[in-house]
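>>> Model the structure of this input:
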Amino acid sequence: MVKHALFAVFSVLVLFLLGMFAYREQNPEWKIYQAEYYKKLAQVVNDPKVAGTPLKVKQVWNKSLDRADRCTTCHGGIDNPAFENEPQPYKTHPHFANEGYISKHSFEKFGCTICHEGDGQAVTVKKTHGVVKHLDRQLLTTPYIQTACTKCHYELYSPEVYWPEVKTLMAGKQLAQDLGCVACHAISQLGSNASLAPDLSSMGSKTELAFYLVHDFSRIESEDHLTRVWEFEHFKDPQKIVPGTMDAPNPKDRTPPTIMPNWGLTDEEATALTVFTLSLRDPKVERIPREYLPKVDGHEEFLQYRQ
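Sure thing, here's the model as predicted:
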């Protein structure tokens, strides 16, 4: 009798789970966002038929960049200036309207994750926004999105170049020069090959896993064990994050504390230096096709920053 009862209970449970999975499969959250977008678009174009547009996953597949982005499945109004005042995920991309600089980066050519990183093939909020566990390229938003500009715009490392669109990155570049970071660190983008401290020239191209495996996160206050978090807290208090292990019982395990000075940086300054550090990219890792590089006068002179 007990076996029959248990069998019945588990059968009902299995049927319930199957039904739940089938419902979720047929009603993913992206359909809700996309349906709402078409309703809004129907009002914009004053055509009720638009609201009935069939729903589907949208994908920008870029063979040159070897990327497939599905972000526009939910972000339908990203290149529509009429949605500038709408909430996310319908809102026009910042700096797109009125021929802003983003309008020069067509989504058909660039996609989204070449700048924003993250998982371009996922179509759920949980897997595409915030901190996603075990994702090697975390989503970049303000101000860290500025670390991606240098994938193509090598001229940003030039001391004579200042772009107000990436003011945090520019502040970090200036701060790195003012503090004399190149005296200890090799930063090829700034013409330094110093060897007293770690080479930072390709720091921004490291994956989360590659960084995590060689850095101690045990003293990081944030629960988000990301590269940018470690760098920020390290800039705020280097000796706290890297105190060394001179008290280790085995002499072989002893390492000295960091020689990095504590500059007493504000949060804003530490963020700027973090953005600058993570903007230091290795072109061999990023593999941006030449046709994606900006067409500027005398571009060849900036190729030195690729080395």
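
>>> Could you use CA atoms for every contact and neighbour count after this?
Will do.

>>> quick one, phi/psi of Ile145?
phi -60, psi -20 (degrees, to the nearest 10).

>>> in the stretch 1-150 of the chain, which spans are helices?
2-26, 29-45, 107-110, 113-116, 125-128 (DSSP state H, counting those that start in this stretch).

>>> Mind putting the ones you listed into CSV with mean neighbour count, mean pLDDT and distance to Ser195?
As requested, these are exported to CSV (neighbours: other CA atoms under 10 Å; pLDDT from 0 to 100; distance: least, CA to CA, whole Å):
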stretch, mean neighbour count, mean pLDDT, distance to Ser195
helix 2-26, 11, 75, 54
helix 29-45, 17, 96, 49
helix 107-110, 15, 88, 36
helix 113-116, 20, 94, 31
helix 125-128, 14, 92, 38
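
>>> Look up how far Leu17 lies from Tyr101.
Relative to Leu17, Tyr101 is positioned 48 Å away (CA to CA, to the nearest Å).

>>> er, His93 I mean
Noted for His93: a distance of 39 Å to Leu17, by CA to CA.

>>> And Gln138, by the same measure?
In terms of CA to CA, Gln138 sits 32 Å off from Leu17.

>>> Equivalent analysis for Thr207, please.
Using CA to CA, Thr207 is found at 37 Å from Leu17.

>>> With Pro251 instead?
For Pro251, the distance to Leu17 equals 56 Å [CA to CA].

>>> Ok, Val131 next?
28 Å.

>>> Same question for Gly172.
51 Å.

>>> show me what contacts Met170?
Met170 sits next to Tyr162, Trp163, Pro164, Ala272, Phe276 when contact means CA atoms under 8 Å, 6 or more residues apart in numbering.

>>> ok, of those residues, which come out buried?
Buried by 16 or more other CA atoms under 10 Å: Tyr162, Ala272, Phe276, out of these.

>>> Please give me every residue in contact with the first one.
Right, the one you point to is Tyr162. Tyr162 neighbours (CA under 8 Å, 6+ apart): Leu156, Met170.

>>> do the second one as well
With contact set as CA under 8 Å, 6+ apart, Ala272 has these partners: Thr168, Leu169, Met170, Ala171, Gly172, Lys173, Leu175.

>>> Give me the spatial nearest neighbour of it, chain neighbours excluded.
Gly172 (4.3 Å; CA to CA, 6 or more residues apart in numbering).

>>> give me the element the one you found is part of.
helix 167-179 (DSSP states H and E).

>>> what pLDDT, on average, does that helix get?
For helix 167-179, mean pLDDT rounds to 96.

>>> just checking, next helix/strand downstream of that helix?
Next along the chain after helix 167-179, taking DSSP H and E as the criterion, comes helix 208-212.

>>> Buried residues, that following helix. List them.
Buried, per 16+ other CA under 10 Å, within helix 208-212: Glu208, Phe211.

>>> Packing partners of it?
helix 227-236 (3 or more CA pairs under 8 Å, 6 or more residues apart in numbering; DSSP states H and E).
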